[in-house]
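Trainee: give me the fold of what follows.
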Amino acid sequence: MSIEITEKEILYDNPYAPIVKFSYSNNIDDEDMTDDEISSNIINDNLLYTSLEHSFKAFSLEDLVKSFDNTINTCFFNEQIIESEEFLPIKQIDLISTSNTWSNLIENLQTSLRHDLKLPHITKNCHIAMNNINEKNFFDNEFISIDDLNEDKEEEFPIDTMIPIHVAKIMSYPEIVNKTNIEFIRQLVRNGPDVHPGANFIIHPKTEQKKFLKYGDRNDMAAKLRYGDIVERHLIDGDVVLFNRQPSLHRLSIMALYARVMPHRTFRFNECICSPFNADFDGDEMNLHLPQTEEAKAEALVLMGTKSNLVTPRNGEMIIGATQDFLTGAYLITQRDVFFDRAKACQLLTWILTNKDGLEKIDLPPPTIYKPCQLWTGKQLFNVILRLNNSCKDIINLRAKGKAYSGEGEDLCCNDGFIVIRNSRLLLGCIDKSVLGANGKTNVFYLLLRDCSEVAAAVAMARLARLTSYYLMNRGFSIGLIDVTPGENLLKAKRALVTEGYDKCNSYIQQLKENSLPLQPGCSPEQTLESKILKELSDVRESAGKLCLQELQRSSNSPLIMAISGSKGSNINISQMVACVGQQAISGSRVPNGFEDRSLPHFEKDSKIPAAKGFVENSFYSGLTPTEFFFHTMGGREGLVDTAVKTAETGYMQRRLVKCLEDLCCQYDMTIRTSTNDIVQFTYGGDSLDPIFLEGKDQPVDYERIYQHVRAKYRYNDEYPLNGNDMNDYIYQQLQQNEYSIMDEEYKSQIIKFIHNVSLKVDQFRIKYRINDNSMAIIDEDEQELQSNLNQKRVSTIIINRSNKKQRSIPNVLYEIERCTKSQLYEFLQLCKYKYGRARLEPGTAVGALCAQSIGEPATQMTLKTFHFAGVASMNITLGVPRIKEIINAVKTPSTPLITTELINEQDQNFARKVKGRIEKTYLGQISQYIEEVYECDDCYLLIKLDLDRIRLLQLEITPMSIIDSIVTDKKMKKVKYNQLELISSDIITLHVNDTSKGNMYYTIKRYKEVLPNIVVKGISTVDRAVITLDDKNGIKYKLFVEGEGMRDVMGIQGVNANKTISNNTMEVFRCLGIEAARTTIINEIVYTMGSHGIGLDVRHVMLLADLMTYKVKFLY
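Mentor: Numbers count the residues shown, from 1 in each chain. Got it, this is the predicted structure:
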């Protein structure tokens, strides 16, 4: 029998792989094959080509199948060519009997190969051979399990840790012998303790006798095994282990992984799961635990499995995400100018198929470019990661700003930095850390987790890791000196910037010497100078950094690619390597003097020039001078000491938190109670929602994202869109039904408010483009006419005669903008209800322990001593770990007490100055020109000369009589009476001494002269100073920052808005306003302190801590 075949079908569309052995165990690539085997493959291919070339049309089907099968056997299994017919596989005979044409034969061969070899396939007639990834040609931290143990598990995504064989021999699991595993256990017993996989002990259940398998006849012991015996076997592939890194600061510091036994002496796992452990690969030591029962295994997988812990309980953000090389690869592959031909695109896609995905079908998207050759973009390959084929139901929608977003318009970003994913298709933007990394909710994996499933998120992460790793291995990515070498133009521009900055700093120094430097509010001349110089030097470094980034090639510079993608480093690191290191800070300020009024002996005394105070002009590329190097080491030393000290501080703080909060638990009545049944909270966080499942900012749903997701996923093109009023009416009617009774009224009101805002946009859009329901009906009639004509004439296109129909001037696309139907609103409400129900806190949740871990764990990332400029250059407030300790300890006097008050008249600066004068304490010595002793023949007294010009300039409400009252009422002037004080003129006051003893009079006058300058004549004595600040975010608005205590006195000052006066001193707030105000202060201060360090923390954790401290109407600390 002969058949008609074409040469191209045989030579170029072969459905078999290159010379690689395909197996689920150890792979053997062409480097491991012998020369004879390789030669045999080449000879066989040449014979096939020659045969086809000479007698192409009369080729025996039976011979063809035999030759074809022999070739495949050789290529896949490294076996000898089968020449004898008796060795033909049974399936080959089936293929011959059922194939009467070449196309049928090829189809049957494809089906057979996919079934036997688990070969994936791609549509568009493109056949892909999957090469299994092993430890040799992949990273050591390979984590996708492809072992047969997990092959049949439904929706299983095992994440592996590599266990050394030496450890696997020591870790043992008590396996109970039964009829399904007895032969396997016997083989383990025969191997003994020294051969892996083996066994260490045999335990008889009745006698509990334990036999050590190192000694004795193991063959005899294996033969005598009975059902019910317990054999402590070695740890093997597929065992569930608990992996932990100390210190265990939070729940995710221990997680359940699948074991894979490998050679060498280190634990290995994927970089993506480093964040929960806070681990890196610089010598970290980790602990391994092996559960000893099947029940423990099951509990470990459910409670501590990696898929179940992709988000952190601290704020519900992703804690496991793409990192380092994966981010770099994703950024590079999604660039605008990255294209692949069919072969390269298909080869890349093979690497995303593992384990269960190995049998999945891939819908290769149509090429972006057809002529002169078909090309696919990297964005299209990224789409396959999210959705393998059209039957996949995992669909996400996202609009987010990337790290490279220029701010020039979402769809017009020149850097391709705005990311748009619609129905799991990347339409716009370069993928970077903002949408792939951890610590965020605008994350691809987070959306897959929330909108699809845990497995979908984990599988997509695995696919991304494999695809990007393979892409980088083939593309190449390295860093060299050429990447940090500055050009001549950059060096010239940097010199000009530094020279200009130095000149400005020198001018400020000269103004200080001449007493002509304009002072900043609340600052002394020295503080003003430091503030101005720091600002200038900061501008110099930032400008140099911008020039550096403009000079470097965004598409080819490796450090810049890593910084933009978020895989490592930042723009500051690049500018320090290439342009300028910048100012070195010690305790938040410039380098202090240490060698007799100088920073180093290399500089003059009291020198304030930038070079003498720690400014490093050079870059790491050009090299640092000796003095610059010394200043740089001073900054590094501070960081090292801070790290060493804060470990003990934060550890003890977290221990105290855990001890106080460990017994708080959610009961079945949804109250939070202690072990003694005391109620701390009636509802957790006020709404009984679990922070893990909150998708918005402290809200269970991100309404805008869910609304746009529903509009993109559920089209409902056969329905008319609603106008604004109809949307509001429909939502209100639906929420009244019992179906939505699970949602509380506040949540419903939020939904109604959101839909109301959307309806306003819809109405505004319809009015702007004159869209109404009549125009919608015209479109529907046109579509019906078009469809009827198509059905009658059976053609793909037809022109409709609209001569007798009203012509539309509105483009059809406008009807799709802001379009929303009833069914879409219904789907929106269903999603809101589902997500709200899922976010409800489960009874039995240990909310206390989670609260302590959520506050204590991120505290290790904060510096020990941090001072923040709270809008004023000279005003420092304590943040970081010391501030958290102050709040938890409820100290009576914080290190930097601060009262923030708003004014009744916020726009008038003169009014603010008057109020400041009423609050800030003013000493008599500050408003006096002099205080001198006067001795006469019959009298002696002190003469006080007031500075009326200064009083008028500062707008102080001070009169001579008020000064006399202050002198008499001062505690240090107890014996002074009104009759001793005399007002000579408007600016002169005398203080007479009544003591008759001349000796006593002399010493009394001296004492009065020493005390009088320190008498407070105006303001609150407990207030150190008040500073006026201008808040111009929402128009001109003046307010006061008051350093010191005396909140009650400040609130009573005329002109102060008492309702908007707050203090950071919780004990003072408690004494002044009560326990509820103190609770609110604790919450606000902890949230502010954490936020100042860039740490996200759900407010419900802080509320629980504040309630525990105050629920007995007194402070617990």
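
Trainee: use CA for all of it now, contacts and neighbours both
Mentor: Fine.

Trainee: can you list the domains in this structure?
Mentor: As recorded under automatic domain parsing, the domains making up the chain are 7-119, 148-309, 481-624, 691-771+810-839, 863-907+1024-1110, 922-1018.

Trainee: dump those into TSV; add mean neighbour count as well.
Mentor: Below are the domains of the chain laid out as TSV (neighbours: other C-alpha atoms under 10 Å):
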stretch	mean neighbour count
domain 7-119	15
domain 148-309	18
domain 481-624	18
domain 691-771+810-839	16
domain 863-907+1024-1110	19
domain 922-1018	16
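
Trainee: looking at those, which is closest to Leu348?
Mentor: Among these, the nearest to Leu348 by C-alpha to C-alpha is domain 7-119 (14.1 Å).

Trainee: of all the domains of the chain, which lies closest to Leu657?
Mentor: Per C-alpha to C-alpha, nearest to Leu657 of the domains of the chain: domain 863-907+1024-1110, 8.7 Å.

Trainee: turn the domains of the chain into TSV, columns for mean pLDDT and distance to Gln853.
Mentor: Formatted as TSV, these follow (pLDDT from 0 to 100; distance: least, C-alpha to C-alpha, whole Å):
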stretch	mean pLDDT	distance to Gln853
domain 7-119	43	41
domain 148-309	87	5
domain 481-624	86	27
domain 691-771+810-839	87	13
domain 863-907+1024-1110	85	10
domain 922-1018	83	47
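
Trainee: now those domains in CSV, with distance to Arg673?
Mentor: Shown next, in CSV, are the domains of the chain (distance: least, C-alpha to C-alpha, whole Å):
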stretch, distance to Arg673
domain 7-119, 52
domain 148-309, 21
domain 481-624, 43
domain 691-771+810-839, 19
domain 863-907+1024-1110, 10
domain 922-1018, 50
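
Trainee: isn't Glu886 right next to Gly880, touching?
Mentor: No - Glu886 is beyond contact range of Gly880, at 10.2 Å (criterion: C-alpha atoms under 8 Å).

Trainee: would you confirm that Pro193 contacts Ala199?
Mentor: Yes - in this structure Pro193 lies within contact range of Ala199 using C-alpha under 8 Å: 5.2 Å.

Trainee: so what sits against both of those two?
Mentor: The contact sets of Pro193 and Ala199 overlap at Lys169, Leu213, His234 (C-alpha atoms under 8 Å, 6 or more residues apart in numbering).

Trainee: what are the phi and psi angles of the residue nearest to the last one when sequence neighbours are not counted?
Mentor: On the basis of C-alpha to C-alpha, 6 or more residues apart in numbering, the spatially nearest residue to His234 that is not a chain neighbour turns out to be Ser172, at 4.6 Å. Taking degrees, to the nearest 10, you get phi -130, psi 160 for the backbone angles of Ser172.

Trainee: likewise for Lys1039?
Mentor: Dihedral angles (degrees, to the nearest 10) for Lys1039: phi -150, psi 170.

Trainee: repeat that for Lys1018.
Mentor: With angles defined as degrees, to the nearest 10, Lys1018 sits at phi -160, psi 150.

Trainee: beta partners of it?
Mentor: Thr922 (DSSP bridges).
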